[in-house]
Structures are given as C-alpha cells and as structure tokens.
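S.K.: pasting a predicted model and its sequence here:
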Amino acid sequence: MTLATEVKKLTESKPFYAVAGAGDFAIQKLREIPGRLEKLQSRRGDLGQTAKDLPTKAREYAAKAEGYAKDLPVKAKGYADTVTVRATELYDEFADRGRKVVGRVSGEAALELEDVSDAAKPPIAKPAPRKTTPRKPAGTKRP
C-alpha cells in the first residue's frame, strides 16, 4: 500500500479521532490551570485552621477505615464495572470531539494551503513583442 493510503486509513479510524479528542480535552483543561491556581492561592490562609484539626480528623478516619475495608471487595467490583462503562463512554466522546477538531483543523489547513498556493503561482509572462526587421527585397545584400 502507498503511504497516502495508509495515512487515509489511519485518519479515518476511531482511535485516531479519540486521540485527537483527548488531546483537545487536555489542552482545554491546561488552559483552566491559571484560574485554579489563583483560587488555591486565595484559600491558602484557610489551611492554618485546618491543620490544627488534623489529629482529631485522623482518629475519626481511622475508625471508619475498618468498616470500609470489610465492604471493599463488593464495592471494588461495582467500581470496576462503573469504570468500564465510563471508559467506553469517554472513548466515544473523545472520538466525536476528535472528528470535530480534525474537521475544523483540516478545513483551516485547506484554506491556508489555498492561500499559499495562490501566492506561489508564478505570474504569467506576456510574450515579448517581436522585433521585426524590414525585409529587403530579394537580391539585395545585407550589410
């Protein structure tokens, strides 16, 4: 198969679109980081009060941990089933998102290529006017 055929086959696959969609989602989340950092920095003063309550809260959680340990096998199976369903949903969502991103980007790229193509066209040269020398009648010599 030719390279073009392989690339076309790849770009028409669901995994390709899922990766493109996941990448777009990651970029969206990375753009949200500065706002979240500002929010966390504004809450920094509240942490001092929370640190004082830490030993009491640790004892409460230790008491609850035993109960959680008993229920863990049953809950783990339920979580695994839920994760499987959610992973399938995410895969489909990322594939749909990727199709939109690839369609948008390929449309933009096509427009850019069109602009570059127009700019790269060499100007069409006009034929130079022919210099005609008057013909001398037959039998005369040229100097």
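M.R.: Received it, and whenever you're ready, just let me know what you need. Numbers count the residues shown, from 1 in each chain.
S.K.: any stretches of this protein with poor pLDDT?
M.R.: The model of the chain has pLDDT under 70 over residues 1, 45-51, 113-126, 128, 132-143.
S.K.: packing partners of the helix ranked longest in the chain?
M.R.: Of all segments of type helix in the chain, defined using DSSP state H, the longest is helix 54-120. Helix 54-120 is packed against helix 14-42, with contacts defined by 3 or more Cβ pairs under 8 Å, 6 or more residues apart in numbering; DSSP states H and E. Every residue, glycine included, has its C-beta placed from N, CA and C.
S.K.: buried sites along the helix it packs on?
M.R.: Using 16 or more other Cβ atoms under 10 Å as the test for burial, helix 14-42 gives 16-18, 20-22, 24-25.
S.K.: got the angle for it vs helix 54-120?
M.R.: On the basis of axes from the mean of the first three to the mean of the last three Cα atoms, to 10 degrees, helix 14-42 is oriented at 130 degrees to helix 54-120.
S.K.: how near is Ala26 to Lys70?
M.R.: 38 Å (Cβ to Cβ, to the nearest Å).
S.K.: how about Leu30?
M.R.: 40 Å.
S.K.: over to Asp92?
M.R.: Taking Cβ to Cβ, one finds Asp92 at 36 Å from Lys70.
S.K.: neighbour count winner among those two?
M.R.: Asp92 (14 against 9; other Cβ atoms under 10 Å).
S.K.: residues near Leu90, how many?
M.R.: 14.
S.K.: now Phe94
M.R.: As a burial measure, Phe94 scores 22 neighbours (other Cβ under 10 Å).
S.K.: what sits against it?
M.R.: Residues near Phe94 by Cβ atoms under 8 Å, 6 or more residues apart in numbering: 17-22, 25.
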